[in-house]
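> build me a model:
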Amino acid sequence: MKEFKAGKYVSQGGYKSFHPTMLKRQWTIDNMPVIALLSKADGCLGRLDMYSEYVDIDMFIQVHIAKEATQSSKIEGTQTKMEETFLNESEISAEKRSDWKEVQNYITAMNEAVAMLQALPFSARLIKQAHKILLRGVRGQHKYPGEYRKSQNWIGGTTLSNAIFVPPVHTEIPDLMSDIEYFAHDQSDNIPDLIKIALIHYQFETIHPFLDGNGRTGRLLITLYLVSKGILKRPILYLSDFFERNRQLYYDSLMQVRADNDIAQWLKFFLTGIVETAQIGVATLEKIMQLKQSIEMQTDKFGKRGADARILLGYLYKKPVVSVAEAISLISKAPQTAYNLINDLERAGVLKEITGAQRNKLYLFEPYVKLFDTAVVGNE
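Sure thing, here's the model as predicted:
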């Protein structure tokens with residue numbers, strides 16, 4: 001790592017673009033703080049994956065993905081709240097609808113890309129397909145979704161001449177992305193997978209292969225890689241919340257590599273994110289199981305409505321917002337029975353009405369959603 005060279009700046013006339021060195025090279029990890037963090041990150045990630053085997057993770061996975069989608073999109077400037085991701089488009093105010101669509105696209109991209117891993121390896125093709133979904137019908141939809149850029153882009157500033165960073169010229173993108181793909185699957189280099197995905201994320205953000213949506217795509221790749229390698233059996237670890245809470249350090253660490261060849265700082269930042277996020281993930285799952293047990297004790301006192309409550313709660317763990325019409329359909333009972341059940345759950349502090357309307361009311365599984373607030377979990 002002491003010999004690491006990130007790349008070089010190349011004059012393009014009125015500006016200089018940065019051309020990263022290929023990942024396919026000889027790597028030697030000789031930084032003890034990085035090695036120590038790698039060991040800790042491996043342990044924390046292993047505990048999270050093991051813990052997820054002992055709970056019905058499929059029941060909770062969509063809320064985890066919704067949290068990731070809102071945080072990843074928040075870095076790009078959207079203002080959607082996590083609970084709003086579970087509403088229908090008609091229930092979102094007009095001024096928030098474009099942000100809501102971006103978050104929905106992220107959720108769809110994650111779900112579909114994870115499903116595609118069953119038949120498709122972690123590859124440029126997978127990356128392009130995820131990018132295509134991310135930009136469908138939202139800002140950037142006219143910037144060639146699913147296709148590498150054919151022109152120069154830049155980060156920061158108003159023009160190429162005063163940009164903070166200018167990625168490589170577009171003609172180099174196919175070779176650079178092929179290098180990422182080769183590096184991801186090369187088993188002869190014996191590089192730990194957490195180091196590999198840290199390098200892949202850095203390299204992808206440096207290449208900036210698309211005209212728009214590079215940040216969201218690059219963050220999505222982290223989870224896809226970990227699932228593709230079997231490090232995570234289910235997509236349950238997401239770094240966007242860590243990146244959002246440490247946004248300036250995130251950007252500074254990436255730029256420090258390009259400016260000073262300081263790859264160690266980036267690896268330490270990334271591995272710290274793995275450690276912290278995995279620890280929060282375990283704490284969240286533990287709190288979910290405690291909440292589930294507590295609510296079951298309460299609903300056992302509901303008498304005949306106890307069975308209906310369990311049906312409704314099974315739905316709420318996957319989609320923590322429900323309407324009366326949905327409740328009626330779920331329990332297959334008369335409307336008054338559904339109203340009575342919702343009233344019972346409101347009194348028990350399980351549900352909270354969130355519209356303030358007289359009709360078409362919506363109810364939030366508030367204590368559950370609150371568990372995904374990092375500030376709450378992080379105070380443990």
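> contacts, neighbours, all on C-alpha from now
OK.
> separation between Arg245 and Ile263?
Distance from Arg245 to Ile263, counting by C-alpha to C-alpha, to the nearest Å: 21 Å.
> more neighbours: which of these two?
Counted by other C-alpha atoms under 10 Å, Arg245 and Ile263 do not tie: Ile263 has more neighbours, with 23 against 13.
> could you check the pLDDT of the more buried one?
Looking at Ile263, its pLDDT stands at 97.
> name the helix or strand for the most centrally placed residue in the chain, please.
In the chain, the residue lying closest to the centroid (C-alpha atoms, centre = their mean) is Glu68, at 3.5 Å. Taking DSSP states H and E as the criterion, Glu68 maps to helix 57-75.
> residues making contact with that helix?
Around helix 57-75, the neighbours that count as contacts under C-alpha atoms under 8 Å, 6 or more residues apart in numbering are 78, 80-82, 85, 102-104, 106-107, 110, 216, 219, 235-236, 238-241, 244, 247, 314, 317-319, 372.
> count of neighbours near Leu221?
Count around Leu221 with other C-alpha under 10 Å applied: 22.
> likewise Tyr317?
Tyr317, neighbours per other C-alpha under 10 Å, totals 20.
> also Asp373?
15.
> just Ser93 next, same as before
Residues lying near Ser93 (other C-alpha under 10 Å) number 10.
> got the phi and psi for it?
Torsion angles at Ser93 (phi, psi; degrees, to the nearest 10) stand at phi -60, psi 150.
> just the pLDDT at it, thanks.
88.
> same check, this time on Asp189
Taking Asp189 on its own, its pLDDT is 87.
> list the contacts of it.
Asp189 touches 26-27, counting by C-alpha under 8 Å, 6+ apart.
> let's see it at 10 Å
24-28, 183 (C-alpha atoms under 10 Å, 6 or more residues apart in numbering).
> ok, Ala130 next?
Per C-alpha under 10 Å, 6+ apart, neighbours of Ala130: 105-106, 108-114, 116, 124, 145-146, 216-217, 220-221.
> kindly report the same for Lys128.
134, 145-148, 209-210, 217.
> looking at these, which are in helices?
Of the contacts of Lys128, the ones assigned to helices by DSSP state H are 134, 217.
> nearest to Phe18, of the contacts of Lys128?
Nearest to Phe18 among these: Pro209, at 12.9 Å, using C-alpha to C-alpha.
> which one is the closest one nearest to, not counting chain neighbours?
Nearest residue to Pro209 in three dimensions, chain neighbours excluded: Tyr148, at 5.4 Å (C-alpha to C-alpha, 6 or more residues apart in numbering).
> pretty sure the one you found sits against Pro174.
Yes - using C-alpha atoms under 10 Å, Tyr148 is in contact with Pro174, at 8.0 Å.
> returning to what we had before: of the contacts of Asp189, buried ones?
Taking 16 or more other C-alpha atoms under 10 Å as the criterion, what is buried in the contacts of Asp189 is Phe183.
> do I have it right that Asp373 meets Thr284?
Yes - taking contacts as C-alpha under 10 Å, Asp373 lies within contact range of Thr284: 9.2 Å.
> before we move on, back to that, among the contacts of Asp189, which two are most distant?
Most distant of these, by C-alpha to C-alpha, are Thr28 and Phe183, 14.8 Å apart.
> please identify which helix or strand holds Tyr51.
Assessed by DSSP H and E, Tyr51 sits inside helix 32-53.
> good, we can wrap up now.
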